[in-house]
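Chemist: Here you go, sequence then predicted model.
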Amino acid sequence: MAFADYQNEIYFAALGGHAPDFPMDYATLEAKAAAALPASLHSYIAGGAGDELTQRRNVEAFADWGVVPRMLVGATQRDLSVSAWGLTFPSPIFMAPVGVIGLVGDKHGDIAVAEAAAKTGVPAFFSTLMEDPLEEVIGHAGSTPSFFQLYTPKDRDLAASLVSRAEQAGYRGITVTLDTWVPGWRPRDLSSGNFPQLRGHVLKNYTTDPVFQKMVGSNDPQSMVLHWVQTFGNPLSWDDLVWLRSLTELPIILKGISHPDDARRAIDAGVDGIYCSNHGGRQANGGLSALATLPGVVEACDDRVPVLFDSGVRSGTDVIKALGLGATMVGIGRPYVYGLALGGVSGLVHVLRMLLAEADLLMAVNGYPDIAAVRENIRPSR
């Protein structure tokens, strides 16, 4: 698939008097989305933990790496496809789970994400926190695989029910987030007292779940929120991996792994994927970028399972660098949210195509026919 063709589409459309509808760079995209979104929602999406040092370093870390061009190669065809869990994806990017995406745009953001996945072939990892039930969302993704991200609740029966529903609905894997059993210290949200779930938002997967409904015992919205607060967030231990594995035959991917020893132990325990991430700097403010931890995690995994990565990705160049450092697939977060905020499905599709076109063209100009060539030619820039 020639992702670079998007560039020609834009230039030829301009010849006919049609300028691009959406920004071509992240800074402008973010600024326009900030103006379009409700202030409280933008603050929730854009904010990070503490003084947001980790969030900034996530972005800045990509400047520490560069790629060495290889000439006289004639990389007229580039293969950006990847394989994982018996599936082949046309590109190496995916839409990372975003718990308030359902509130972006027309308040059916999860469905919009699925529709964008269908149009682009870019898979989406859908959060437990949805504004539409998981069963209603996946059908909009067409033949593009969808994945379900699990915030493991304290109640094991509820956890089993959520996983079973995802499996029955056709999701192709379960991503278990490890670093969000309690919210991190988020000054932007605290300053306005903004916590969408406490206002009853993005809880449809809970309120439509038979186990949760039995726990609550009524349809009272306040009671549902109270029960959600009481059950959300279970700090998992290594012993819990046996129980998680018993819930499903789908691939289990652990999100939030940053230490090589944790990666090795998780694989030995039977997980099917490692997701290197610091939650985009939203949960902890330790100051170390996720990209800095990626090479060690990749080495520890030793090609035994796919390694997913997110945090700080803002461009197609960032995607290529993360792939060069060993990521199997690279997650996009805030950029696709802002695309959705500006233009619905069309804005989101634009952002995905823009990122892929830049990545494809970077490989072409540098003489990389495939991702393996990128990995052979990445170097520290300092």
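Modeler: It's in.

Chemist: list the contacts for residue 319?
Modeler: Listed by Cβ atoms under 8 Å, 6 or more residues apart in numbering, the contact set of residue 319 reads 92, 93, 313, 330, 355, 358, 359. For every residue, glycine as well, the C-beta is placed using N, CA and C.

Chemist: and the gap between the second one and residue 321?
Modeler: If I follow you right, that is residue 93. When distance is defined by Cβ to Cβ, to the nearest Å, residue 93 is 13 Å away from residue 321.

Chemist: Strands of the stretch 51-200 of the chain, start to end?
Modeler: Ranges of strands in the stretch 51-200 of the chain, per DSSP state E, counting those that start in this stretch, are 65-67, 82-84, 87-89, 93-95, 124-126, 146-150, 174-177.

Chemist: Spatially nearest residue to residue 338, not counting backbone neighbours?
Modeler: Using Cβ to Cβ, 6 or more residues apart in numbering and skipping residues adjacent in sequence, the residue nearest residue 338 is residue 33, 3.6 Å away.

Chemist: from what I can see the one you found touches residue 26, true?
Modeler: No: with contacts counted by Cβ atoms under 8 Å, residue 33 stays clear of residue 26, the gap being 10.2 Å.

Chemist: Pick out whichever of those two has more residues nearby.
Modeler: Between residue 33 and residue 26, residue 33 has the larger neighbour count (other Cβ atoms under 10 Å), namely 24 against 19.

Chemist: Filter the contacts of residue 319 down to just the ones in helices.
Modeler: Filtering the contacts of residue 319 for membership in helices, criterion DSSP state H, returns 355, 358, 359.

Chemist: picking up where we left off before, quick check: which of the strands of the stretch 51-200 of the chain is nearest to residue 364?
Modeler: Distance to residue 364, taken as Cβ to Cβ, is lowest for strand 65-67 among the strands of the stretch 51-200 of the chain, at 12.4 Å.

Chemist: Can you spell out which helices and strands pack onto that closest one?
Modeler: Counting contacts by 3 or more Cβ pairs under 8 Å, 6 or more residues apart in numbering; DSSP states H and E, strand 65-67 packs against helix 316-324, strand 378-380.

Chemist: want to throw those into CSV with distance to residue 351?
Modeler: Listed next are the helices and strands packed on strand 65-67 as CSV, based on distance: least, Cβ to Cβ, whole Å:
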stretch, distance to residue 351
helix 316-324, 11
strand 378-380, 24
